[in-house]
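K.L.:
got a sequence here, can you build the structure:
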Amino acid sequence: MHGRYLTPLYLREFDAAVLAEALECHLERSKKAVSAARDRADRRGWALAQERWIALHSIWTKVEAELRLLGPMLPEGSESLEGAIRVRGLRMPRSAANADILRAEAAVRREAEEARKAALQEKRERHKPTKGSEE
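P.N.:
Residues are numbered from 1 along each chain as shown. The predicted structure follows:
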């Protein structure tokens, strides 16, 4: 519309969904800016805010249309995303607010690991051949 064209951007589905969500939030803020400029009787400010809102809405519409065309995320993409979330979640830093929760989660994980090891050891003990039974 105004200015030169940029090279096309190729986004992954998740990135496009995040972009659409951010654009939607910014559209609300932009609409408030349009109203505020109108209430101040600032013709130039209103026109600029309106142009920005139209540009944002156009981009948002294109991203949403592409996402609708793609349909739901494929299972491989969902699994990849879940794996990335799981790994990133393990790197969450401690804070004063979450320290107790993280300690409790670590204790539960430790207990589960100890129970798993004990069950494995018990299974090995049950299946271990005894010297007297080899006759």
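K.L.:
what's in contact with stretch 72-89?
P.N.:
Stretch 72-89 has contacts (Cβ atoms under 8 Å, 6 or more residues apart in numbering) with Arg12, Glu13, Phe14. For every residue, glycine as well, the C-beta is placed using N, CA and C.
K.L.:
then stretch 21-36?
P.N.:
With Cβ under 8 Å, 6+ apart as the test, stretch 21-36 has contacts from Trp46, Ala49, Gln50, Arg52, Trp53, Leu56, His57, Ile59, Trp60, Val63.
K.L.:
in it, what's buried?
P.N.:
Residues of stretch 21-36 classed as buried: Leu23, Leu27, Ser30, Ala33, Val34 (neighbour count, 16 or more other Cβ atoms under 10 Å).
K.L.:
same question for stretch 4-15.
P.N.:
For stretch 4-15, by 16+ other Cβ under 10 Å, it's Glu13.
K.L.:
gap between the worst-scoring helix or strand of the chain on mean pLDDT and the chain center?
P.N.:
One helix or strand of the chain scores below all others by mean pLDDT, DSSP states H and E: helix 75-90, with a mean of 78. Centre-to-centre, helix 75-90 and its host chain are 9 Å apart (Cα atoms, centre = their mean, to the nearest Å).
K.L.:
could you dump that helix to CSV, C-alpha only?
P.N.:
C-alpha atoms of helix 75-90 as CSV (Å, rounded to 0.1, in the frame of the first residue of the first chain):
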residue,chain,number,x,y,z
PRO,A,75,0.8,-34.8,14.9
GLU,A,76,4.6,-34.5,14.2
GLY,A,77,4.4,-30.8,14.8
SER,A,78,2.4,-31.2,18.0
GLU,A,79,4.8,-33.8,19.3
SER,A,80,7.8,-31.6,18.5
LEU,A,81,6.1,-28.7,20.2
GLU,A,82,5.3,-30.8,23.3
GLY,A,83,8.9,-32.0,23.5
ALA,A,84,10.2,-28.4,23.2
ILE,A,85,7.8,-27.3,25.9
ARG,A,86,8.9,-30.1,28.2
VAL,A,87,12.6,-29.4,27.7
ARG,A,88,12.2,-25.6,28.2
GLY,A,89,10.0,-26.2,31.3
LEU,A,90,12.9,-28.1,32.9
